[in-house]
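Asker: Whatever this is, show me its structure:
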Amino acid sequence: MTVLKNNRPARRGVEVSEYDVVVVGAGPVGGYLATRLATGGVSVLLLEEHAEIGRPFQCAGLVNTESMDLTGLQHTVLSPIWGARIHSPSGIPVVIGDKSRTRTWSVCRKLFDEGIVKQAIGKGVQIWLSSKPLSAVVERRSVNLSIRTPEGEKEVRCRLLCGADGAHSWVRRHFKMGRPKELMIGFQVEVTGYQGEDGHLDMYTGSRISPGFFAWAIPSGETTRIGTWSKPELMGGESCEQLLDRLREDPLWAERFSECREVGRFCGPIPSGMVKRPMIARVALFGDAAGLCKPTTGGGIGPGFAQVDLVTPLLLDALEGDNLSDSSMRGIAKLMEPMRKDQRRARALRDAFLTESSDAELDEIFSVWARPEVTELINDIGEIEHPIPLGIKMLRDIPEFRSLTKRAVKAILLG
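Answerer: Numbering: from 1, shown residues only. Got it, this is the predicted structure:
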């Protein structure tokens with residue numbers, strides 16, 4: 001469907017490649033987007049600034065069940081996760097989950113990302129590795145790009161430019177499309193020897209190890225990923241690495257970490273809160289670039305895939321009619337307003353139960369969660385991907401949590 005008409009001459013002696021769509025970023029969301037677009041009959045170029053797919057690794061490595069079903073990449077699974085042990089600052093445990101129901105999957109992200117990109121290539125998508133845009137100009141009928149590649153600078157012309165290029169998106173910054181509402185930072189090590197339980201991830205809370213948020217230990221086959229995240233303004237000048245060291249040395253948990261041997265470490269930003277303008281004339285942002293990470297867990301694959309499924313049909317229609325004006329793109333972006341609303345509500349609930357709670361208040365919250373009838377409620381209603389119904393029901397139905405209602409009043413009113 002490549003139909004480009006543009007009177008702008010190329011630089012003398014420089015060949016211009018033409019595609020319907022250029023997708024910047026060959027992570028899971030960019031690869032899935034490229035697959036969906038190519039399946040719809042358009043020509044797609046996928047750009048990846050690194051030399052390998054899936055490297056560097058900057059994720060806890062969890063893929064929700066819906067995304068796994070969409071991709072069919074079960075061979076990348078390292079461990080099914082069906083339960084969780086959640087710990088208060090003083091050590092009160094809440095154990096949830098049912099072995100008969102997998103809640104999420106711990107995967108090898110390199111294999112998972114490669115699998116998605118292979119699916120895109122199978123649909124005719126072209127990929128350029130070690131390549132990134134240097135400039136981009138939106139004109140009436142096209143976007144004109146200069147791209148740095150291993151073979152030198154190349155010129156590309158497309159009708160739609162999609163930025164799936166992560167937390168520090170070049171596309172978002174170049175076109176001044178706004179900033180995510182929050183930018184958390186996470187640090188993670190991969191270790192052998194952690195004393196956990198099969199099928200369970202561990203979560204740890206407390207101002208000493210993850211102020212306002214939580215730390216985690218996620219089984220990943222023969223290793224475990226241990227990490228923590230927070231917002232810089234809550235960390236008192238400390239680094240996530242220092243917080244993680246404190247977790248591993250805490251007398252409450254030190255025995256679990258005593259045999260750990262580090263085999264890798266990763267650090268990265270977590271953008272949450274959809275940007276002001278996720279779509280403008282001939283330009284669209286996806287996934288982390290659009291600020292779609294979940295404020296409750298930091299996960300980005302599920303929301304990114306949901307966004308792709310939501311807007312791709314309309315983008316294909318717009319490409320068919322070459323109707324990619326600013327007003328048309330803003331109209332498509334309105335489909336994402338419920339996602340923005342859900343992010344706000346989830347953030348309000350996270351703040352009420354976690355971020356704005358002192359350690360003493362967290363202990364009180366955990367003592368309620370640990371009651372059998374409340375744990376049963378969490379097991380029945382709780383969803384990693386959809387935490388809002390459980391959070392609101394707790395605020396409404398459990399008397400001990402009514403004191404938190406003022407903190408989450410926006411979430412309740414918007415519910």
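
Asker: got the contact list for residue 200?
Answerer: Going by C-beta atoms under 8 Å, 6 or more residues apart in numbering, residue 200 touches 81, 82, 83, 84, 85, 95, 97, 219. From N, CA and C alone the C-beta is placed, and that goes for glycine too.

Asker: err, residue 350, not the other one
Answerer: Contacts of residue 350 by C-beta under 8 Å, 6+ apart are 295, 296.

Asker: again with the one 4 residues further on
Answerer: Counting by C-beta under 8 Å, 6+ apart, residue 354 touches 205, 212, 213, 214, 362.

Asker: Which residues does stretch 225-236 contact?
Answerer: Contacts with stretch 225-236, where a contact means C-beta under 8 Å, 6+ apart, come from 60-61, 106, 182-191, 194, 209-218, 240, 243-244, 247-248, 257, 260, 266, 270, 298, 355.

Asker: Among those, which ones are in helices?
Answerer: If you go by DSSP state H, the contacts of stretch 225-236 have 240, 243, 244, 247, 248, 257 in helices.

Asker: Residue 367: which of those is nearest?
Answerer: Using C-beta to C-beta, residue 247 comes nearest to residue 367 of these, at 21.4 Å.

Asker: and that closest one, how far is that from residue 269?
Answerer: 20 Å (C-beta to C-beta, to the nearest Å).

Asker: Please name the nearest non-neighbouring residue to residue 64.
Answerer: Closest residue to residue 64 apart from its sequence neighbours, by C-beta to C-beta, 6 or more residues apart in numbering: residue 302 at 4.4 Å.

Asker: Quick one: neighbours of the residue lying closest to residue 240 once chain neighbours are set aside, just the number.
Answerer: Excluding the flanking residues, the one nearest residue 240 by C-beta to C-beta, 6+ apart is residue 187, at 3.4 Å. By the measure other C-beta atoms under 10 Å, the count of residues near residue 187 is 20.

Asker: And the average pLDDT for stretch 47-54 is what?
Answerer: For stretch 47-54, the mean pLDDT works out to 94.

Asker: wait, stretch 176-185
Answerer: On average, stretch 176-185 scores 95.

Asker: Which strands and helices lie in contact with the helix or strand encompassing residue 161?
Answerer: Element membership for residue 161, per DSSP states H and E: strand 152-163. Contacts defined by 3 or more C-beta pairs under 8 Å, 6 or more residues apart in numbering; DSSP states H and E place strand 152-163 against strand 16-24, strand 132-138, strand 143-149, helix 170-174, strand 283-285, helix 301-320.

Asker: From the chain's centroid, how far away is the longest one?
Answerer: Taking the mean of its C-alpha atoms, helix 301-320 sits 16 Å from the chain's own mean (C-alpha atoms, centre = their mean, to the nearest Å).

Asker: ditto for stretch 170-187
Answerer: Using C-alpha atoms, centre = their mean, the offset of stretch 170-187 from its chain centre is 13 Å.

Asker: Please point out which parts of that stretch sit buried.
Answerer: Going by neighbour count (16 or more other C-beta atoms under 10 Å), the buried part of stretch 170-187 is 170-172, 174-175, 177-178, 180-181, 183-187.

Asker: Export those residues as JSON lines, with columns for distance to residue 136.
Answerer: Shown next, in JSON lines, are those (distance: C-beta to C-beta, whole Å):
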{"residue": "170", "distance to residue 136": "9"}
{"residue": "171", "distance to residue 136": "7"}
{"residue": "172", "distance to residue 136": "12"}
{"residue": "174", "distance to residue 136": "6"}
{"residue": "175", "distance to residue 136": "8"}
{"residue": "177", "distance to residue 136": "12"}
{"residue": "178", "distance to residue 136": "17"}
{"residue": "180", "distance to residue 136": "21"}
{"residue": "181", "distance to residue 136": "25"}
{"residue": "183", "distance to residue 136": "23"}
{"residue": "184", "distance to residue 136": "28"}
{"residue": "185", "distance to residue 136": "28"}
{"residue": "186", "distance to residue 136": "30"}
{"residue": "187", "distance to residue 136": "32"}
